[in-house]
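With the sequence up front, the predicted model follows.
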Amino acid sequence: MEDHDERLQNLEIKLVRIEDSLATLITLTRSLIDRIDHFEKSTNEKFDQVNIRLDGIDRRMDALELRMSALEKRMDAIELRMDALEKRMDALELRMDALEKRMDALELRMDALEQRIDALELRMDAIEKRMEAVEEELKEINVVTTYKGQFRNLQLIFGGSATDVI
């Protein structure tokens, strides 16, 4: 029996040790559960903060996408306006080329007119010189170049009055 008592005592010691170990494990488990709860709470708070930030980022991204879309539309409109302006510039350049050709043609015509004017001036100078020479000859032969003088000359030539001549 002693053996049995000793065994029982050993078992009781083991049981106390197991109970102590179990109490320690329970304490550790509770501590771990508390730490896990704290970690979970902290993690959830961090996730909530991250989600709030992500929501803010999502809103900003949405706003940026809207702005990008608006900018793309504006760029498309600007490109269309640039194309239209380039076409207008091309048309203006064609008109300028046509105007330059017309100006060149006008300059040629002006040069031709100036040459004609110069030629006419030379002819006028020659005619004036001939007229002066004729007037000198007429003065030398004593012919009056006024109308009254011409009537007198006609009277002298044909005889009679000036009214008869007319």
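It's in.

Average pLDDT for stretch 114-128, rounded please.
Taken as a whole, stretch 114-128 has an average pLDDT of 93.

now stretch 56-69
96.

what separates it from the chain centre, distance-wise?
Here the centre of stretch 56-69 is set off from its chain's centre by 28 Å, with Cα atoms, centre = their mean, to the nearest Å.

same check, this time on stretch 85-99
17 Å.

go on, stretch 106-118?
On Cα atoms, centre = their mean, the centre of stretch 106-118 falls 43 Å from the chain's centre.

how about that stretch: buried residues?
By 16 or more other Cβ atoms under 10 Å, stretch 106-118 has no buried positions at all. From N, CA and C alone the C-beta is placed, and that goes for glycine too.

Please save the CA atoms from that stretch in CSV.
Only the C-alpha atoms of stretch 106-118 are listed here, as CSV (Å, rounded to 0.1, in the frame of the first residue of the first chain):
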residue,chain,number,x,y,z
LEU,A,106,1.4,96.1,-110.6
GLU,A,107,5.1,97.0,-110.2
LEU,A,108,5.7,95.8,-113.7
ARG,A,109,2.7,97.8,-115.0
MET,A,110,3.9,100.8,-113.0
ASP,A,111,7.4,100.4,-114.5
ALA,A,112,5.8,100.2,-118.0
LEU,A,113,3.7,103.3,-117.2
GLU,A,114,6.7,105.2,-115.9
GLN,A,115,8.6,104.3,-119.1
ARG,A,116,5.6,105.5,-121.2
ILE,A,117,5.5,108.7,-119.1
ASP,A,118,9.2,109.2,-119.6
